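K.L.:
Curious how this folds, go ahead:
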Amino acid sequence: MAQIRILIIDDEINIAKTIAATFSKSEYLVELCHDGAEGLKKLQTAEWDIVFLDIRLPGLDGMQILKQIYDDKIPVNVIMITAYGSIENAVQAMKYGAVDFVPKPLEPEVLREIVRKIIARHLFTEQNVAEYQEFIELTKLHIKQREYQKAHAAIKQAIAQKPEAAEAYNLLGAINEVLGDNIAAAQAYQMAIKFDAHYAPALENLKRITSMEANSASLLDLMATLKVRD
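P.N.:
This is a model prediction of the structure:
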């Protein structure tokens with residue numbers, strides 16, 4: 001098996017070293033970078049399988065780097081490092097192909113599991129998945145490939161497998177936002193909260209989306225529409 005090439009871009013040296021130590025086995029080739037501009041240059045001049053990217057970097061920050069990865073069509077799996085359980089601009093990150101987020105403080109077992117899932121999801125197709133988690137990973141693969149309609153179909157299959165999964169409804173809401181349907185997105189976030197009243201990502205997403213004007217309608221119009229559709 002070829003080595004998995006991992007680039008770590010984080011200005012906090014201890015965090016970068018924690019990630020590097022987690023993937024110290026011979027099947028991984030790991031490089032550290034503590035500066036956003038230098039990290040982007042490495043991404044543009046060499047091939048990487050996975051990049052751990054801190055969202056908050058001095059100078060060129062993580063979202064700017066992520067956008068450049070998107071613009072340059074760099075084929076790398078991006079794991080965003082954040083100090084929060086979810087980030088305010090997670091939907092924007094998804095538009096740029098990022099679907100994996102890891103909160104600080106970092107736990108080695110969580111890091112290994114995320115990488116394991118990333119490697120496994122590239123083996124999934126519509127023909128060989130049947131279980132809920134497989135459909136979740138297939139959804140993320142389609143998002144990474146910017147195939148949002150396919151992602152939408154896959155997440156609906158995940159919901160069919162597990163109809164009360166808050167995670168799946170929250171992901172459906174984010175995909176709907178990417179596709180420009182904010183009302184359907186708000187409905188999906190509401191369903192996530194219905195099944196798990198404490199699911200923070202959906203709570204934050206619903207709060208954010210209902211604080212904006214959606215489809216040129218006022219907040220009151222949006223909520224009225226949601227009540228009609230319930």
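K.L.:
So Gln64 is in contact with Ala37, correct?
P.N.:
No - if you go by C-beta atoms under 8 Å, Gln64 and Ala37 don't touch, sitting 9.7 Å apart. C-beta coordinates here come from the backbone N, C-alpha and C atoms, glycine included.
K.L.:
Show me this protein divided up by domain.
P.N.:
Domain assignment for the chain, taken from automatic domain parsing, gives 4-121, 132-229.
K.L.:
Tabulate those domains (TSV), appending mean neighbour count.
P.N.:
Shown next, in TSV, are the domains of the chain (neighbours: other C-beta atoms under 10 Å):
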stretch	mean neighbour count
domain 4-121	17
domain 132-229	18
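K.L.:
Tell me how far the most centrally placed residue in the chain lies from Gln190.
P.N.:
The chain has Val99 as the residue nearest its centroid, 1.9 Å off, counting by C-alpha atoms, centre = their mean. Distance, Val99 to Gln190, using C-beta to C-beta, to the nearest Å: 22 Å.
K.L.:
same check, this time on Val51
P.N.:
34 Å.
K.L.:
ditto for Pro103
P.N.:
From Pro103 to Gln190 the distance is 24 Å (C-beta to C-beta).
K.L.:
now swap in Leu7 and tell me
P.N.:
Going from Leu7 to Gln190 by C-beta to C-beta gives 38 Å.
K.L.:
what about the strands in the chain?
P.N.:
Assigned by DSSP state E, the chain shows strands spanning 4-9, 28-33, 50-54, 77-82, 100-103.
K.L.:
Give me the helices and strands touching the first one, please.
P.N.:
I take that to be strand 4-9. Using 3 or more C-beta pairs under 8 Å, 6 or more residues apart in numbering; DSSP states H and E as the contact test, the elements touching strand 4-9 are helix 13-22, strand 28-33, helix 36-45, strand 50-54, helix 108-121.
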